[in-house]
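Engineer: With the input below, show me the fold.
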Amino acid sequence: MNRKSSRSALFLMELILAILFFAAASAVCVQLFVKAHLMSQDTVDLNRAVAGAETAAAVLRAEDGDLNAALPLLEGAAAEDSGLVIYYDADWKPAAKEGAVYVMRLSPAADEVTAVTVERLEDGGELFSLPVRCHVPLTAD
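Structural biologist: Predicted coordinates:
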């Protein structure tokens with residue numbers, strides 16, 4: 001009887017160790033999946049920020065850098081002291097300032113350069129920034 005209980009105790013200990021190993025391995029796998037999801041979301045945000053900034057830059061170039069002329073062409077844009085601003089919700093659709101998650105700012109800088117900056121409002125982190133230089137040809141008056 002002593003020998004039989006010794007074997008069952010050894011089996012029980014081996015079973016507990018196997019369960020602990022699989023629990024640790026599953027915890028590591030869950031952490032990897034969460035990290036991959038967060039990286040995927042960051043990539044989606046960056047791609048949409050780049051697409052929005054490129055669209056705004058194309059509109060600015062078409063209007064020769066005139067922010068007032070670009071205002072009606074940019075969906076959801078509003079004039080601000082420092083230029084134009086567009087607020088976006090979590091699905092990257094233009095939204096009101098109150099429900100916004102992201103913001104794109106078009107602000108004039110020196111030498112006919114306009115900075116297009118996309119930020120996350122939650123932490124104030126900059127997702128993407130694009131300087132836009134518009135060539136305005138000289139005209140003979």
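
Engineer: in a strand, that's where residue 117 is, yeah?
Structural biologist: Yes: under DSSP: H, G, I helix; E, B strand; the rest coil, residue 117 sits within a strand.

Engineer: bridging residues for it?
Structural biologist: Beta bridges link residue 117 to residue 105, residue 129, judged by DSSP bridges.

Engineer: residues near it, how many?
Structural biologist: By other C-beta atoms under 10 Å, 18 other residues sit near residue 117. (Each C-beta comes from the backbone N, C-alpha and C, glycine too.)

Engineer: Just to check, it is in contact with residue 124?
Structural biologist: No: the pair residue 117 / residue 124 is not scored as a contact, 11.3 Å apart, by C-beta atoms under 8 Å.

Engineer: Tell me where this protein has strands.
Structural biologist: 77-80, 83-88, 102-108, 113-120, 126-133 (DSSP state E).

Engineer: Can you pull up the most central residue in this protein?
Structural biologist: When C-alpha atoms, centre = their mean is applied to the chain, the residue found nearest the centroid is residue 45 (2.7 Å).

Engineer: separation between it and residue 90?
Structural biologist: 10 Å (C-beta to C-beta, to the nearest Å).

Engineer: for residue 18, same thing?
Structural biologist: Taking C-beta to C-beta, one finds residue 18 at 43 Å from residue 90.

Engineer: ok, now residue 112?
Structural biologist: Taken as C-beta to C-beta, the span from residue 112 to residue 90 is 34 Å.

Engineer: low-scoring pLDDT stretches of this protein, where are they?
Structural biologist: Scanning the chain for pLDDT under 70 picks out 1-5, 136-138, 141.
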